[in-house]
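Visitor: structure, please.
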Amino acid sequence: MTHYLLSVVQPADATPPAADVLAAIMRGVEAFNDELRAAGAFVFAGGLHGPETATVFRPRGGDVLVTDGPYAQGEEYLGGLCLIRAADRDEALAWGRKAALATTLPIEVRPFVDQH
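Guide: Here you go, the predicted model:
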């Protein structure tokens, strides 16, 4: 089994959905997580606060420069993640498709390097 990261891509300028719409999305996400658990594919999942809450540490001349805010400004940011186990890329992509339908947001699927 290989571990894959499912990244939830959040538009930076998006208006949060109405409470009833968000509640329906969250039910879909919980059902997705339940399906992952039932299949033995679930490792971890969670949402992230906005990029304005980030702190970045950059090595500089033997020291570390600390800055508030995101590493990079952009039209989108990492809004959440899900770490899964999958037998192969096709299985991971199938989970990515289900995640996109559950979250109503783009999902990036990437394998981890050198797993043994």
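
Visitor: surely Ala86 meets Ala92?
Guide: Yes - the criterion here is CB atoms under 8 Å, and Ala86 meets it with Ala92 at 4.0 Å. Every residue, glycine included, has its C-beta placed from N, CA and C.

Visitor: so what sits against both of those two?
Guide: Taking CB atoms under 8 Å, 6 or more residues apart in numbering as the criterion, Ala86 and Ala92 both touch Thr2, Tyr4.

Visitor: which residues sit in contact with the residue nearest the centre of the chain?
Guide: Nearest residue to the geometric centre of the chain (CA atoms, centre = their mean): Leu81, 2.1 Å. By CB under 8 Å, 6+ apart, the contact list for Leu81 reads Leu5, Leu6, Ser7, Val8, Phe44, Ala45, Gly46, Leu48.

Visitor: does Leu93 count as helix, strand or coil?
Guide: Here Leu93 is recorded as helix under DSSP: H, G, I helix; E, B strand; the rest coil.

Visitor: next helix or strand past the one helix or strand Arg58 maps to?
Guide: Using DSSP states H and E, Arg58 sits within strand 55-60. Using DSSP H and E, the next helix or strand after strand 55-60 towards the C-terminus is strand 63-68.

Visitor: can I get that following strand as CSV, trimmed to CA atoms?
Guide: C-alpha atoms of strand 63-68 as CSV (Å, rounded to 0.1, in the frame of the first residue of the first chain):
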residue,chain,number,x,y,z
ASP,A,63,19.7,31.9,11.6
VAL,A,64,15.9,31.8,10.9
LEU,A,65,13.8,34.6,9.6
VAL,A,66,10.2,34.3,10.9
THR,A,67,7.3,36.0,9.0
ASP,A,68,3.6,36.0,9.6
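
Visitor: could we number from 250 for the rest of this?
Guide: In the new numbering, first residue 250, that becomes strand 312-317.
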